[in-house]
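Attaching a predicted model along with its sequence, questions to come.
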Amino acid sequence: MATSHALRLSCNLACAIIFLASVISRSTNITADSGLVDKVCKQTSDYKFCSDALNSDLRTPGADEITLAYIAFGLAYHKASSTQLQITSLLSNSTGPVHEHLEQCHGDYVTAIAKIQEALTDLDSETYDGLAGLASQAGDQADDCESAFKGTTSPLSDGDKDLKRLSEICVAVAHLFSQGSMPIINV
């Protein structure tokens with residue numbers, strides 16, 4: 001019985017230590033505040049869109065540069081993927097010039113998604129120097145798609161505009177890595 005009580009006591013003590021350690025480690029990992037989001041969004045053409053987009057992710061409060069990069073590129077990836085699904089759906093019901101424009105946009109979005117995936121892979125491998133270029137190339141694909149519909153109304157204008165603005169956010173986040181404020185990686 002004494003052994004059972006001692007075992008329970010040491011188990012409770014171990015659980016308390018683990019809980020305390022997790023609380024302490026979480027609080028020490030929180031290295032940034034809304035100032036980082038502000039710094040990024042001030043570099044974009046639409047501060048409100050940027051702030052709303054980044055703050056739509058629950059990881060943003062307290063995010064460091066790396067986490068913010070994952071958030072930004074993740075948002076861009078989600079938008080590009082959903083727009084590509086929209087294109088696929090529209091292609092099945094289109095003909096003539098609209099179909100040709102949609103085919104071009106499909107190719108543009110395949111490229112945009114590939115660039116964003118490459119950026120996410122670079123983040124995984126802690127290779128930050130090409131992030132801005134990849135983000136810019138993804139945004140250029142959205143512009144190219146929108147240009148395909150020049151003279152007509154594009155059913156993809158909202159998706160194109162959002163991907164362009166999200167790519168701009170990714171470029172601004174990427175610039176954090178080139179401003180001498182390289183993040184400290186906890187191993």
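Arrived safely, thanks for sending.

After the helix or strand of the chain with the lowest mean pLDDT, which helix or strand is next?
In the chain, no helix or strand scores lower on mean pLDDT, DSSP states H and E than helix 2-29, which sits at a mean of 39. Remark: after helix 2-29, the chain's next helix or strand is helix 34-41, criterion DSSP states H and E.

hmm, who's touching the helix or strand just after that next one?
With elements assigned by DSSP H and E, the helix or strand that comes after helix 34-41 is helix 47-55. The contact list for helix 47-55, computed with C-beta atoms under 8 Å, 6 or more residues apart in numbering, reads 37-38, 40-41, 44, 60-61, 68, 71-72, 75, 165-166, 168-169, 172. All C-beta atoms are positioned from the backbone trio N, CA, C, and that covers glycine.

which parts of helix 47-55 are buried?
Phe49, Cys50, Ser51, Ala53, Leu54 (16 or more other C-beta atoms under 10 Å).

Over to stretch 61-71?
Ala63, Asp64, Glu65, Ile66, Thr67, Leu68, Ala69, Tyr70, Ile71.

Check stretch 81-88 too.
In stretch 81-88, counting by 16+ other C-beta under 10 Å, buried: Thr83, Gln84, Gln86, Ile87.

Can I get the buried part of the contacts of helix 47-55 as one ChimeraX selection?
Selection command for ChimeraX covering only the buried members of the contacts of helix 47-55, criterion 16+ other C-beta under 10 Å:
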select :37,40,41,44,60,68,71,72,75,165,166,168,169,172
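
Closest to Thr152 out of the contacts of helix 47-55?
Ranked by distance to Thr152 (C-beta to C-beta), the contacts of helix 47-55 are led by Arg165 at 22.5 Å.

For that closest one, give me its contacts.
Thr44, Ser45, Asp46, Phe49, Cys50, Ala53.

Kindly report the same for Ser136.
Ser136 sits in contact with Ser167, Val171, where contact means C-beta under 8 Å, 6+ apart.

Quick check: which element contains it?
According to DSSP H and E, Ser136 maps onto helix 131-148.

Serialize the contacts of Arg165 to JSON lines and add fields for distance to Thr127 and pLDDT.
Output for those, formatted as JSON lines (distance: C-beta to C-beta, whole Å; pLDDT from 0 to 100):
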{"residue": "Thr44", "distance to Thr127": "23", "pLDDT": "96"}
{"residue": "Ser45", "distance to Thr127": "27", "pLDDT": "96"}
{"residue": "Asp46", "distance to Thr127": "28", "pLDDT": "97"}
{"residue": "Phe49", "distance to Thr127": "28", "pLDDT": "97"}
{"residue": "Cys50", "distance to Thr127": "24", "pLDDT": "97"}
{"residue": "Ala53", "distance to Thr127": "24", "pLDDT": "97"}
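
Cheers, nothing more for now.
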